[in-house]
Structures are given as C-alpha cells and as structure tokens.
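1. starting from these lines, generate the structure:
(one chain, ligands or ions: 1)
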Amino acid sequence: MRPFDDIDRLADAEVLDKVAAPLRDAVHKVLTRQDVKDALHGVWMGHPLHPVLAQLTIGSFASAGILDVSPRTRRPATALILVGLVSAVPTAAAGWADYADGHEEQQRVGVVHAAANGAMLAGYAASLAARARGRGFRGALWGWAALAVGTVGASLGGHMAYHQAMGANHAEGYPHIGPGDWTDVGPVTDLPEGEPARRIVGDVGVLVVKRGEQVHALADRCAHASAPLHEGDLVDGDGRGECVVCPWHGSVFRLDTGSVVHGPATAPQPTFRTRVRDGRLELAVTGHAGVPAS
Ligand code: FES
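-> Predicted structure coming up:
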C-alpha cells in the first residue's frame, strides 16, 4: 500500500459527507455575489487563486520553521508567522470558494485538508502567544508542530490538485487531440437555429451553435470539471456577446472566443475554426481560446 492510496479512501468515505455537504451549502449561502466569487476563483488572472496565495502562507511558515532553529533569528521567524497568519485569511477564502464548486470526492478530501490547515493555524496562534510571553523556545516548538500538521494539509491539497484534478484545466487536451485540418461534421442545415448542439470531430466532442450565417464551435468539455457544455443555456454575457452557461457549476464562456466571463472556471474553452463548404460544416481546432474562431 502506497501512502497516498489512503487518500483515495478518504475520497470514498461517504461518512465525510455529513460535514462536507453542510459546509458546501454554508459557503454557497455566504458567497452570493458573482464578482466576489469570480475574484476568489481567480477568473481575473486566468488561474486559480488559492494555490498562488497558499505559496505565501506555507512559504512564510516553512521559512519561520528554519529561522526558529537559532534563538538569534526568532524575531524574524515571529514576523514570518504573522505574515503567514494574515495571508491565511484570503488563502482560506479562495480555497472555500473552490471547494463549494467541487465534486463530492474532492469535497471529502477537502474537509480533511481544511481541518488540518485549521489545526495548523491554531498551532501558529499558540506559537505567537508563547513568543509574546517571552517563551521563544516554546513558541518554536509550537511552530514546528504546526508546520508538521500543515505539511499533511498541504499534501492533501496537492492530492486534490494533481490526483483529483481540482483547479486543473479539463479542456487542455483539445488543441492537442482535436483535428488541426478541416474536418467535415455534416450538413450545416442539420444544426438547430440558435440552440446548442453537439458534434464529434476527430476524437473530441464539440459544442456548435449556429445563428444565421454564423457558426461558433467550442470544446464541449467544460474546462472547470468536464461538464457537457451542449447541455447548457445560451445567454447574453453581460454585454460581451453570446455565451454558454455550464450546466454543472454555472461557468460562463463567450461563444466567439471561449474566454471566461464568470467562474468557477479560470481557463478559457478551446475554440474551433468553422467554415461551410457545399452546404457542409467543417471544423478545425485552433490553438488555445482567445483566438476568435473564423
Ligand atoms: S463543470 Fe464546473 S463550471 Fe463547468
């Protein structure tokens, strides 16, 4: 049995749903503003925010642990612990936002990840309290213990990102496996007018929307967590053109560029170039989205 196989057991432990589900619902109740959710997911920078902030938090704590080895560097260690505790606030907020839009297996591991991190923060608070009373060595011991617990929490977070693909771009493969050459997908008249449809081109599914002479085509697999976008609704994207809303967690993508209007997705949908030859629709995958389909 490899150590990380045990984490898979956590993901399957339905008993954790007793905690995970109410927490997910509570986050949804608190986080109601779309602009706040988008900011916490990292839509504004095109990358999940939580792992970026976590580097500052964990980096500060780990550095403090090294400085604490010598009594002469306890003061800068204390300053770093303060930085870690302050930065933990936005780090945790971004993590909870992502958590609420995860799937059940991710949320089961997520509650244990959060519990370990909560214990770590409590340990660092005790460390600061000891230092404030002039007990530097006791403060260092609290800090090292908290760092050990935080390492477990960080490992679980890494497992969620790398093994469970939380925060990963689930449409990343399209430009690699979608056909770069024009590929026939059938008569253009077979497409419904102004409604999402699904076509297979090469080995991949594509969301196709025809409106008059214009045809838009995006990767059908949502970049956030692989939902079938052709089952979503079409909406006006806050004045940014026609968009599709993901049926699972509500990410909104522009049809013309695939760019993200609202999260939780942070990566754009890959697009396809479209053309009609002899009444038949042909598609060819572009590079990553952001390049308008033509
Ligand atoms: S799968 Fe989550 S927003 Fe699309």
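
2. and the longest strand for this protein?
-> The single longest strand within the chain, with elements called by DSSP state E, is strand 204-211.

3. how about that one: buried residues?
-> V204, G205, V206, L207, V208, V209, K210 (16 or more other Cβ atoms under 10 Å). Heads up, the C-betas are built off the backbone N, CA and C, glycines and all.

4. in a markdown table, list those residues along with pLDDT.
-> As requested, the buried residues of strand 204-211 are exported to a markdown table (pLDDT from 0 to 100):
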| residue | pLDDT |
| --- | --- |
| V204 | 93 |
| G205 | 95 |
| V206 | 96 |
| L207 | 97 |
| V208 | 97 |
| V209 | 96 |
| K210 | 95 |
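
5. now distance to the ligand too, for the residues you listed, in CSV please.
-> Shown next, in CSV, are these (distance: Cβ to the nearest ligand atom, whole Å):
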residue, distance to the ligand
V204, 16
G205, 14
V206, 16
L207, 12
V208, 18
V209, 17
K210, 22
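
6. what's the closest of those residues to D278?
-> The closest of the buried residues of strand 204-211 to D278 turns out to be K210 (Cβ to Cβ; 16.5 Å).

7. got any ranges where this structure has weak pLDDT?
-> 1, 3, 237, 288-294 (pLDDT under 70).

8. helices along that one, start to end?
-> Shown for the chain, the helices assigned by DSSP state H span residues 5-12, 17-30, 34-41, 49-67, 74-100, 104-132, 136-162, 174-177.

9. spell out which parts of this structure neighbour the ligand.
-> Residues of the chain lying near the ligand by Cβ under 6 Å from any ligand atom: C222, H224, A225, A227, C246, W248, H249, S251, P264, A265.

10. is the second one in contact with V245, as I believe?
-> No: H224 lies out of contact with V245 (Cβ atoms under 8 Å); the separation is 11.9 Å.

11. can you give me the domain boundaries for this structure?
-> Using automatic domain parsing, the domain parsing of the chain gives 5-162, 174-285.

12. could I get these as TSV with distance to A168?
-> Shown next, in TSV, are the domains of the chain (distance: least, Cβ to Cβ, whole Å):
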stretch	distance to A168
domain 5-162	7
domain 174-285	9
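
13. residues near D184, how many?
-> Using other Cβ atoms under 10 Å, D184 is surrounded by 12 other residues.

14. could you do R277 as well?
-> Look at R277: counted by other Cβ under 10 Å, it has 10 neighbours.

15. beta partners of it?
-> R280 (DSSP bridges).

16. so who does L218 touch?
-> Applying Cβ atoms under 8 Å, 6 or more residues apart in numbering, we find L218 in contact with V206, L207, L229, V244, F253, L255, G258, Q269, P270, T271, F272, A289.

17. most surrounded residue in the residues you listed?
-> T271 (32 neighbours).

18. what residues are up against the residue nearest to L53 when sequence neighbours are not counted?
-> Take L53 and drop its neighbours on the chain: the residue closest to it by Cβ to Cβ, 6 or more residues apart in numbering is T91, 4.0 Å away. By Cβ under 8 Å, 6+ apart, the contact set of T91 is H50, L53, A54, L56, T57.

19. wait, the first one touches G42, no?
-> Just to be clear, that refers to H50. Yes: counting by Cβ under 8 Å, G42 is a contact partner of H50 at 7.5 Å.

20. now list whatever residues contact both of those two.
-> In contact with both H50 and G42: A94, using Cβ under 8 Å, 6+ apart.

21. how about stretch 122-129: buried residues?
-> Neighbour-count burial for stretch 122-129 [16+ other Cβ under 10 Å]: G123, Y124, A126, S127, L128.

22. tell me the one among the residues you listed nearest to K18.
-> Out of the buried residues of stretch 122-129, the member with the shortest distance to K18 (by Cβ to Cβ) is G123, at 25.7 Å.

23. contacts only, for that closest one.
-> W142, G143, A145, A146, V149.

24. of those - the most surrounded one?
-> G143 (28 neighbours).
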